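Asker: Here's my sequence, what's the structure:
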Amino acid sequence: MQVTGEYNIRIKGTRALLKQSEEILAERVKALESHWGYAAYYEDLPEKYGTAVGDAMPQERSEDYVLSMSFDEDYAGPFALILNEINARIPELAIAVLAEYGYDEGKGNAMHYSPIGSNELNADDQWTSDPLPEEEWIPMGWRHPGGAPYSHAKIEITPLGNWGREESSTLQHALQEDALLTALGFQLKWGSSVVFNGGGYYLDITGTSDLGEDMEYLEWILSGYISDRQPAYSAFCKTMFDKRLVLHMELDIYHNPDYYWIYSNHSRWHFMISSTGSHLIAACTWCATYEFSSDELDPTAFLYKQVTSDNFSDLPESVQYLIERGFRAYLKANPCPELDSVDTYGEDDDEDEPSGLASYVQAHKDDLQALIQKASSIKARKEPNRYIPDDYDSRFQGKRFFVKGIFEGYTETKLKEIAHAFGGAVIRKASGTDYFVYGSEIGAPFLTGRKNNVPFISADYFEDMTK
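Answerer: Okay, the predicted model is just below:
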């Protein structure tokens, strides 16, 4: 059976009015049993809508609340008619709908809007669209379709350890100046600023890459920024190492938007940023993907072959990622409309080369080659040759260690052996430890440790403690 309508809705109104709309929807779904042959497809709709109503009403009371919900399985159109009825019976609600009609080929989009006092939503009308007002409760992408930033991220950065005034000031200055975000390919979301609440920093940013993936190449991406500030950067790294300071970064990121700024990919990351004494390194300690779509149209391989005549897939994965990242940012600043006419991109799509692409490549070839050359210069991080003590004392006597993750130059077993040899107790629970020795890919124990505010140390810090 084909879906004839997919909807994203926003409904603004009081608590009582939203509850009333929930009752109307449940009533109309029940009526489908006798009037429609598709009742089974809608049996979960009242629960879904009720959840959306509940989510729209946080504990803080206000005059108006905004319900947000998507419904992508409207068979034969009754959902649109239910929305129309809610609008007709409760004109005090303001309703905005982004609707997609049809199935596969022939799909079309429309915007429907009914302000307070109106009952002319017409959510089933796939031929006309209503203008949307500049009101914050309606998503920006609905009001200004097209041109969405590739990614939108919310970040919380929490300093862990005994941060002094000088290094705290250095960190705050770096986060508040535009240069750091610019070097990362990001900027503060329009109208937002860096917020510091005494315990951490909060940033709402947009950019041209997936910052979660970028963190593996953090120092390489920031190489120009660091070079311009080398003395201050070196001093900051040394202080972090000497005092065993760590930055916990929690990242909630969306990327790959459509025309209406609806992002198909959503993931959450936790990183721990520490110092080797001369460099900052980031370890991904926890990650979850909530939404993922493989439909992203990426012209990198296609464009790379136009520039070099070589196959993109022959490159190392790290170089592929950095070229893709560089090309995306470059195409954002220097659009190539001809690429929009290609349905799929691949290395063997020479026959599909759109007219005008050759002239674009010729005009921008030097810049594109420079991006390729820069990405190709990245060097794999060498596995550190760890110090292993010959003699042991009781320096860790009375201290409890929890060890978890994937480490460079160590195994979990070796770290536990060393901690035990110095008199430490190696425990199995993260919640009651004096030292959480972390690597990457920890998973749930990391969240337990953060919840219980245990001290975290990197493998580099642990190694220094054993000398």
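
Asker: C-alpha only now, for contacts and for neighbours.
Answerer: OK.

Asker: Residue 392 against residue 424, yeah?
Answerer: No. Between residue 392 and residue 424 there is no contact under Cα atoms under 8 Å: 11.3 Å.

Asker: neighbour count winner among the two?
Answerer: The neighbour count for residue 392 versus residue 424, taken as other Cα atoms under 10 Å, is higher for residue 424 (20 against 14).

Asker: And the pLDDT for that one?
Answerer: Confidence at residue 424, expressed as pLDDT, is 97.

Asker: where does the closest residue to it other than its chain neighbours land on pLDDT?
Answerer: Nearest non-adjacent residue to residue 424, counting by Cα to Cα, 6 or more residues apart in numbering: residue 396, 4.6 Å away. Turning to residue 396, the model gives it a pLDDT of 98.

Asker: Could you look up the SS state of residue 396?
Answerer: Following DSSP: H, G, I helix; E, B strand; the rest coil, the label given to residue 396 is coil.

Asker: so how far is residue 425 from it?
Answerer: Separation of residue 396 from residue 425 (Cα to Cα, to the nearest Å): 8 Å.

Asker: Quick check: neighbours shared by the two?
Answerer: Shared contacts of residue 396 and residue 425, defined by Cα atoms under 8 Å, 6 or more residues apart in numbering, comprise residue 419.

Asker: Could you export stretch 407-424 as PDB, keeping only the C-alpha atoms?
Answerer: The C-alpha trace of stretch 407-424 is given here as PDB (Å, rounded to 0.1, in the frame of the first residue of the first chain):
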ATOM      1  CA  PHE A 407      44.100   2.400  24.800                       C
ATOM      2  CA  GLU A 408      47.100   3.500  22.700                       C
ATOM      3  CA  GLY A 409      50.200   1.600  23.800                       C
ATOM      4  CA  TYR A 410      48.500  -0.200  26.700                       C
ATOM      5  CA  THR A 411      45.900  -3.000  27.100                       C
ATOM      6  CA  GLU A 412      43.300  -2.900  29.900                       C
ATOM      7  CA  THR A 413      45.100  -5.900  31.400                       C
ATOM      8  CA  LYS A 414      48.500  -4.200  31.500                       C
ATOM      9  CA  LEU A 415      47.100  -1.000  33.100                       C
ATOM     10  CA  LYS A 416      45.400  -3.100  35.800                       C
ATOM     11  CA  GLU A 417      48.600  -5.000  36.400                       C
ATOM     12  CA  ILE A 418      50.600  -1.800  36.900                       C
ATOM     13  CA  ALA A 419      48.000  -0.200  39.200                       C
ATOM     14  CA  HIS A 420      47.900  -3.400  41.300                       C
ATOM     15  CA  ALA A 421      51.700  -3.700  41.400                       C
ATOM     16  CA  PHE A 422      51.900  -0.200  42.900                       C
ATOM     17  CA  GLY A 423      49.500  -1.200  45.600                       C
ATOM     18  CA  GLY A 424      46.300   0.000  44.100                       C
END
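
Asker: Which parts of this structure belong to which domain?
Answerer: 5-143, 151-291, 300-376, 400-465 (automatic domain parsing).

Asker: In a markdown table, list the ones you listed along with distance to residue 387.
Answerer: Listed next are the domains of the chain as a markdown table, based on distance: least, Cα to Cα, whole Å:
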| stretch | distance to residue 387 |
| --- | --- |
| domain 5-143 | 53 |
| domain 151-291 | 14 |
| domain 300-376 | 29 |
| domain 400-465 | 7 |
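
Asker: weakest of these by average pLDDT?
Answerer: The bottom spot among the domains of the chain, by mean pLDDT, belongs to domain 300-376, with a mean of 82.

Asker: re the thing from before, let me see the contact set for the residue nearest to residue 424.
Answerer: By Cα under 8 Å, 6+ apart, the neighbours of residue 396 are 419, 422, 423, 424.

Asker: The last one is in contact with residue 397, isn't it?
Answerer: Yes. The pair residue 424 / residue 397 is scored as a contact, 5.1 Å apart, by Cα under 8 Å.

Asker: neighbours around residue 267, how many?
Answerer: 18.

Asker: can you tell me how far it sits from residue 137?
Answerer: Distance of residue 267 to residue 137, computed by Cα to Cα: 24 Å.

Asker: out of the domains of the chain, which comes closest to residue 384?
Answerer: Residue 384 sits nearest to domain 400-465 of all the domains of the chain, at 5.4 Å, using Cα to Cα.

Asker: ok, now which ones touch residue 25?
Answerer: By Cα under 8 Å, 6+ apart, the contact set of residue 25 is 46, 82, 86.

Asker: got the buried residues for the host helix or strand of it?
Answerer: Secondary structure from DSSP states H and E places residue 25 in helix 15-35. By neighbour count with 16 or more other Cα atoms under 10 Å, helix 15-35 contains the buried residues 15, 17, 18, 21, 22, 24, 25, 26, 28, 29, 32.

Asker: Residue 429: which of those residues is nearest?
Answerer: Relative to residue 429, and with distances defined as Cα to Cα, the nearest of the buried residues of helix 15-35 is residue 15, at 44.1 Å.

Asker: beta partners for the spatially most central residue of the chain?
Answerer: In the chain, the residue lying closest to the centroid (Cα atoms, centre = their mean) is residue 253, at 1.3 Å. Taking DSSP bridges as the rule, residue 253 bridges to residue 153, residue 267.

Asker: Isn't it up against residue 263?
Answerer: No. With contact defined as Cα under 8 Å, residue 253 does not reach residue 263; the gap is 9.7 Å.

Asker: so which strand or helix has the residue lying closest to residue 292 once chain neighbours are set aside?
Answerer: Excluding its sequence neighbours, the residue lying closest to residue 292 (Cα to Cα, 6+ apart) is residue 265, at 4.4 Å. If you go by DSSP H and E, residue 265 is part of strand 263-275.
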